[in-house]
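Engineer: here is my input, please return the structure:
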Amino acid sequence: MSNFLAIDTSSRYLTVLAQKGERLIKRHLPDCAMKHSVLLMDEVDKALCEAQLKISDCDFIAAVTGPGSFTGIRIGVSAAKGFALGADKPLLSVTSFELIAYNVFDENFCVVIDAAHGHYYTCGFGKDKEITFPPAYLSAEQVLSLGQKLYGFEDLPLENYTKLNAGDCLERAVKNTKNKPSQEMHALYGRKSQAEEARKC
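Structural biologist: Have a look, this model is predicted:
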């Protein structure tokens, strides 16, 4: 049984998991948009204390790398890298797509994440969670044209869509991902930021 710390600040919510042996502590705040930087360290500290876990005892540090909130992603990834660097621990990256996919028991489906302005970050999965449709930035019409069952963690106005609770998804995603801990972790933004787009114009 692995010891680990896992962080998800990729959307409006905040989730922190701390596991030591068979003891798993989950801290989940369903709506803390714009407050991740203020609340994250306190939630991490509480989770570690409740699990009686030290960063130095972790086998790896995990974080959800996006896509989602640009600021939230940067906060989570930076925190994970800081913990890992300070304790000389490897990093485990979990995308927002994988966060949902490892909690879906259908085959051939798409994960959709709100990208605002009627667009969605989309990724398709098949048997054994292999990617069948690579991550893309699509309009609602393009998403629906894929003809797949859709899953996500937000309230979305899409047909054939099922909403999961993101706070319940992180544990299964971390424990079942095919990704391996490594020394690197990179944010997955899915598109250029609004500031970058404005600079082009």
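
Engineer: show me what the top helix by length along the chain is packed against.
Structural biologist: Secondary structure of the chain read by DSSP state H shows that its longest helix is helix 70-87. Contact here means 3 or more C-beta pairs under 8 Å, 6 or more residues apart in numbering; DSSP states H and E; on that basis helix 70-87 packs against strand 4-8, helix 36-51, strand 60-64, strand 91-94. Using the backbone N, CA and C atoms, a C-beta is placed for each residue, glycine as well.

Engineer: I'd like the distance from that helix to the chain centre, please.
Structural biologist: 13 Å (C-alpha atoms, centre = their mean, to the nearest Å).

Engineer: mind saving the C-alpha coords of that helix as PDB?
Structural biologist: This file holds the C-alpha atoms of helix 70-87, laid out as PDB (Å, rounded to 0.1, in the frame of the first residue of the first chain):
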ATOM      1  CA  PHE A  70      -5.200  28.100 -15.700                       C
ATOM      2  CA  THR A  71      -4.400  29.600 -12.300                       C
ATOM      3  CA  GLY A  72      -5.600  26.600 -10.400                       C
ATOM      4  CA  ILE A  73      -3.500  24.300 -12.400                       C
ATOM      5  CA  ARG A  74      -0.400  26.400 -11.800                       C
ATOM      6  CA  ILE A  75      -1.000  26.500  -8.100                       C
ATOM      7  CA  GLY A  76      -1.400  22.700  -7.800                       C
ATOM      8  CA  VAL A  77       1.500  21.800 -10.000                       C
ATOM      9  CA  SER A  78       3.800  24.300  -8.300                       C
ATOM     10  CA  ALA A  79       2.800  23.000  -4.800                       C
ATOM     11  CA  ALA A  80       3.400  19.400  -5.800                       C
ATOM     12  CA  LYS A  81       6.800  20.200  -7.400                       C
ATOM     13  CA  GLY A  82       7.800  22.200  -4.200                       C
ATOM     14  CA  PHE A  83       6.900  19.300  -1.900                       C
ATOM     15  CA  ALA A  84       8.600  16.800  -4.200                       C
ATOM     16  CA  LEU A  85      11.800  18.900  -4.500                       C
ATOM     17  CA  GLY A  86      12.000  19.500  -0.800                       C
ATOM     18  CA  ALA A  87      11.600  15.900   0.100                       C
END
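
Engineer: need the residue closest to the centroid of this structure.
Structural biologist: V64 (3.2 Å; C-alpha atoms, centre = their mean).

Engineer: ok, residues contacting the helix or strand where L150 lies?
Structural biologist: L150 belongs to strand 149-152 when assigned by DSSP states H and E. Strand 149-152 has contacts (C-beta atoms under 8 Å, 6 or more residues apart in numbering) with 100-101, 104, 106, 108-114, 143, 156, 158-164.

Engineer: run me through the strand neighbours of that strand, direction for each.
Structural biologist: strand 109-114 (parallel), strand 161-163 (parallel) (DSSP bridges).

Engineer: and it, which residues are buried?
Structural biologist: 150-152 (16 or more other C-beta atoms under 10 Å).

Engineer: using CSV, write out every CA atom in stretch 112-125.
Structural biologist: The C-alpha trace of stretch 112-125 is given here as CSV (Å, rounded to 0.1, in the frame of the first residue of the first chain):
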residue,chain,number,x,y,z
VAL,A,112,-15.6,16.9,-21.4
ILE,A,113,-14.4,19.8,-19.4
ASP,A,114,-15.8,23.3,-19.6
ALA,A,115,-13.4,25.7,-21.5
ALA,A,116,-15.9,28.6,-21.4
HIS,A,117,-17.5,30.4,-24.3
GLY,A,118,-19.4,27.3,-25.6
HIS,A,119,-16.2,25.3,-25.9
TYR,A,120,-14.9,22.1,-24.2
TYR,A,121,-11.7,20.3,-23.6
THR,A,122,-12.4,16.8,-24.9
CYS,A,123,-10.7,13.4,-24.8
GLY,A,124,-11.9,10.0,-25.9
PHE,A,125,-11.3,6.7,-24.2
